[in-house]
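K.L.:
coordinates only, no sequence provided:
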DNA sequence: AACCGCGCTGTGAACGTGCACAGTAGTTGG
DNA sequence: CCAACTACTGTGCACGTTCACAGCGCGGTT
């Protein structure tokens, strides 16, 4: 082999390690992967050679032969603005990234808010760049989930994928019982005219939290006490203004997200209502916003950390060949100054 | 049984396209890449064959031979909490992702807040998984920037990388003149005792914005009017409390970030000072927080969109072989209710 | 007529890895 | 004593692509 290799230029390959360890490529590969059927002496020699050469496996070559990308996509199928307005998405992203980093699985970030982006994401995923998809999309009827299902690629949704339960894996909080906790808490505080601001009714969070509200209030949940938002801060503010107009005598409001609750607090402030003296306000998520409002928000803790952990677990399971499963996680009431 | 078969159908390769188009692999490759030295007839046949077969190039195989990953890493070298507390990071991430998606360049997200994460990121990048790095790290003295420089991999920093100017490319806002704009504005409002809450003094934003403040005030910038924060909301609140103690007669405060300004507003609220009647508050960044506080913040617009665009441009240039360059972008005063 | 350049095309290498398979030595069992 | 087995090791091939090179026909120049 008279091929002149200027070592300074190219990264060491498995060949270099094999040469340094005095074994063959196959042994190095076995030692680094399975570790089975390798003598202790060879194993040690390989590990030492890896250290001295600074060898790191070339992922492209590995992917080529294993037909696996060894990476995962985090797809945010929401309007652009959401990523940086709503801290929930950042937390999910953060959690999944961290969880996967520990397993040395890189995360590819892509957005699929617009039609163009959706097509691009589909094409990209179809190209086999990733082994699985963590899909964050609260809205139902997203065409992307169809595309991915057709591709036969493992997918885990965050929140129940309405219309795809049983076919698409997902991790979700138990929204309905969380909502019940909050409304029962408001009642125990002596509130009698309890309104609600829901999320969009085409999202599981919108539907389930409203259902929990109704579970507790029954006939008391009259239509004038129910307003809808889209999880954005301004929509929470607008919905609160609307509620104050329709039901000026309300003495509490359960808001389906902390971000909307922050908007509602602003509306109440502008209307001269004191919180919690005149109106008690309950949020949902226990995001970072909840402790930064004045007063701090009573809210329902969304188990984001467990959700991201479950999402990752469910995805890896599917990549291993297991069928799609679901995880429903419990929520918890967090009482602060707003109720 | 048939479950396994769905996975068994392999994606079309360049061979299949060549066969369908009645040409050779080489011609297909040329047609899809350069497009040079290909007859119009062959080009058309190839494009048609690509459409009918649904061919998408296998990136692993391409990377293997071209020695290029065709992807880029976004590295957040800040404590974990920052990503989801400070919207600036989300905006940067969002902007870079979008910018690169249009060029069909995937973005790998990684955090390097802790020592363990930093090592992992270094190892990962050294493995050649990416062609370049978008580095977001306000603090100076980050060892990661050394690692990356040693690896000889293209890097673009967000904000001036203190101690590496000229060696590492960066895009940054003109912090100093932005700070001047704000302090001059406060003076024009008749304020005479203008305090400031700075960012960490080991960050360019901390240093430069303080310098701009001093440019305008000169000897009036006495030490009792200067407090330091770390860009977090609670640090802004604590710094404001401290300033009120040291200089109870202050009538304005320039805060080096909107998030800290939101904390300062809370402290002023708790102290019974009215904004802007008693104390005018100016922020920095014009992030989403600025419009959600009560009152809405007068602030300095940080040109994030242009910064992300420049970061991407500077990175791609370097990947093409150009030397590292820098972009300084202008800021703009945005007057709202807090001054 | 021989030569050259030009535009286009096909072909044989790599790129670095994992895996199947064959092979070796040492141990065990009949 | 030989066969079978175990534990380990080395080697050829394939993965799908790009790139360098050689070959082709064709028209124009020497």
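P.N.:
That came in fine, so what should we check first? Everything quoted here is computed from the prediction, not taken from an experiment.

K.L.:
state the pLDDT value of the most centrally placed residue in chain A.
P.N.:
By C-alpha atoms, centre = their mean, chain A has its centre lying nearest to residue A:92, at 3.6 Å. On the pLDDT scale, residue A:92 is placed at 93.

K.L.:
neighbouring contacts of stretch A:108-117?
P.N.:
A:71-80, A:82-83, A:93, A:118, A:120-121, A:124, A:129-130, A:137, A:144, B:71, B:74, B:93-94, B:97-98, B:101, B:106-109 (C-beta atoms under 8 Å, 6 or more residues apart in numbering or on different chains). C-beta coordinates here come from the backbone N, C-alpha and C atoms, glycine included.

K.L.:
tell me which residues in it are buried?
P.N.:
Buried residues in stretch A:108-117, counted by 16 or more other C-beta atoms under 10 Å in any protein chain shown: A:108-113, A:117.

K.L.:
what do you get for stretch A:137-144?
P.N.:
A:137-140, A:142, A:144.

K.L.:
in helices only, show me these.
P.N.:
Of the buried residues of stretch A:137-144, the ones assigned to helices by DSSP state H are residue A:144.

K.L.:
identify the farthest-apart pair in the buried residues of stretch A:137-144.
P.N.:
A:138 and A:144 (12.8 Å; C-beta to C-beta).

K.L.:
closest one of the buried residues of stretch A:137-144 to residue B:286?
P.N.:
residue A:138 (27.6 Å).

K.L.:
not counting its neighbours along the chain, what's nearest that closest one?
P.N.:
Of all residues beyond its chain neighbours, the one nearest residue A:138 is residue A:203 (4.1 Å), with distances taken as C-beta to C-beta, 6 or more residues apart in numbering or on different chains.

K.L.:
gap between the one you found and residue A:337?
P.N.:
With distances taken as C-beta to C-beta, to the nearest Å, residue A:203 is found 28 Å from residue A:337.

K.L.:
and for residue A:115?
P.N.:
44 Å.

K.L.:
what do you get for residue A:226?
P.N.:
25 Å.

K.L.:
tell me the secondary structure for the nearest residue to residue A:171 once chain neighbours are set aside?
P.N.:
The shortest distance from residue A:171 to any non-neighbouring residue, by C-beta to C-beta, 6+ apart, is to residue A:310 (3.9 Å). Recorded secondary structure, residue A:310: helix (DSSP: H, G, I helix; E, B strand; the rest coil).

K.L.:
list of residues touching stretch A:72-81?
P.N.:
By C-beta under 8 Å, 6+ apart, the residues outside stretch A:72-81 that reach it are A:82-83, A:89, A:93, A:96-97, A:100, A:105-114, A:118, A:121, A:124-125, A:129-139, A:142, A:144, A:232, A:315, B:94, B:98, B:109.

K.L.:
report the buried residues of that stretch.
P.N.:
Counting neighbours by 16+ other C-beta under 10 Å, stretch A:72-81 gives A:72-78 as buried.

K.L.:
OK, now which residue of chain A is nearest to DNA strand D?
P.N.:
Nearest residue of chain A to DNA strand D: residue A:26, at 2.8 Å (C-beta to the nearest atom of the strand).

K.L.:
check the secondary structure at that residue for me.
P.N.:
Following three-state DSSP, the label given to residue A:26 is helix.

K.L.:
that one and residue B:275, how far apart?
P.N.:
Going from residue A:26 to residue B:275 by C-beta to C-beta gives 71 Å.

K.L.:
show me what contacts the nearest residue to residue A:53 once chain neighbours are set aside?
P.N.:
For residue A:53, ignoring the flanking residues on the chain, the nearest one in space by C-beta to C-beta, 6+ apart is residue A:12 at 4.2 Å. Residue A:12 makes contacts with A:53-55, as judged by C-beta under 8 Å, 6+ apart.

K.L.:
check residue A:210 too.
P.N.:
Going by C-beta under 8 Å, 6+ apart, residue A:210 touches A:179, A:196, A:198, A:201, A:226, A:256.

K.L.:
could you pick out which of those residues are near DNA strand D?
P.N.:
Contacts with DNA strand D are made by none of the contacts of residue A:210, judged by C-beta under 7 Å from any atom of the strand.

K.L.:
export the buried residues of stretch A:137-144 to TSV and append columns for pLDDT.
P.N.:
Formatted as TSV, those follow (pLDDT from 0 to 100):
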residue	pLDDT
A:137	83
A:138	72
A:139	77
A:140	74
A:142	80
A:144	90
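
K.L.:
please parse chain A into its domains.
P.N.:
Listed domain ranges for chain A are A:14-57, A:72-172+A:304-329, A:175-301 (source: automatic domain parsing).

K.L.:
let me see the mean pLDDT of the last one.
P.N.:
So that's domain A:175-301. 96.

K.L.:
and the end-to-end length of that domain?
P.N.:
End-to-end distance of domain A:175-301: 10 Å, with C-alpha to C-alpha, to the nearest Å as the criterion.

K.L.:
same question, the second one
P.N.:
Start and end residues of domain A:72-172+A:304-329 are separated by 23 Å (C-alpha to C-alpha).

K.L.:
and that domain, how far out from the chain middle?
P.N.:
Distance of domain A:72-172+A:304-329 from the chain centroid (C-alpha atoms, centre = their mean, to the nearest Å) equals 7 Å.

K.L.:
sorry, back to before: okay, and which of the contacts of stretch A:72-81 map to strands?
P.N.:
Using DSSP state E, the subset of the contacts of stretch A:72-81 located in strands is A:107-111, A:132-136, B:109.

K.L.:
tell me which two in those are the farthest apart.
P.N.:
Using C-beta to C-beta, the ones in strands among the contacts of stretch A:72-81 span at most 17.6 Å, a distance reached by A:111 and A:132.

K.L.:
columns distance to residue B:332 on top of the domains of chain A, output as a markdown table?
P.N.:
Shown next, in a markdown table, are these (distance: least, C-beta to C-beta, whole Å):
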| stretch | distance to residue B:332 |
| --- | --- |
| domain A:14-57 | 45 |
| domain A:72-172+A:304-329 | 20 |
| domain A:175-301 | 23 |
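
K.L.:
now the ones you listed as JSON lines including distance to DNA strand C?
P.N.:
Below are those laid out as JSON lines (distance: least, C-beta to the nearest atom of the strand, whole Å):
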{"stretch": "domain A:14-57", "distance to DNA strand C": "3"}
{"stretch": "domain A:72-172+A:304-329", "distance to DNA strand C": "13"}
{"stretch": "domain A:175-301", "distance to DNA strand C": "39"}
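
K.L.:
of those domains, which is nearest residue B:244?
P.N.:
Proximity to residue B:244 (C-beta to C-beta) singles out domain A:175-301 among the domains of chain A, at 17.0 Å.

K.L.:
wait, doesn't residue A:48 sit right on residue A:21?
P.N.:
Yes. The pair residue A:48 / residue A:21 is scored as a contact, 7.1 Å apart, by C-beta atoms under 8 Å.

K.L.:
neighbour-wise, which of the two wins?
P.N.:
Counted by other C-beta atoms under 10 Å in any protein chain shown, residue A:48 and residue A:21 do not tie: residue A:21 has more neighbours, with 22 against 13.

K.L.:
check contacts around that one.
P.N.:
Listed by C-beta under 8 Å, 6+ apart, the contact partners of residue A:21 are A:27-28, A:42, A:45-46, A:48-49.

K.L.:
swap the cut-off to 7 Å and go again
P.N.:
Contacts for residue A:21 were tallied using C-beta atoms under 7 Å, 6 or more residues apart in numbering or on different chains; they are A:28, A:45-46, A:49.

K.L.:
compare these and tell me which has the most neighbours.
P.N.:
Neighbour-wise, the contacts of residue A:21 (other C-beta under 10 Å) top out at residue A:28, 28 neighbours.

K.L.:
any idea of the pLDDT on that residue?
P.N.:
At residue A:28, pLDDT is 94.

K.L.:
in stretch A:156-172, what's buried?
P.N.:
The neighbour-count check on stretch A:156-172 (16+ other C-beta under 10 Å) flags A:156-162, A:164, A:168-172 as buried.
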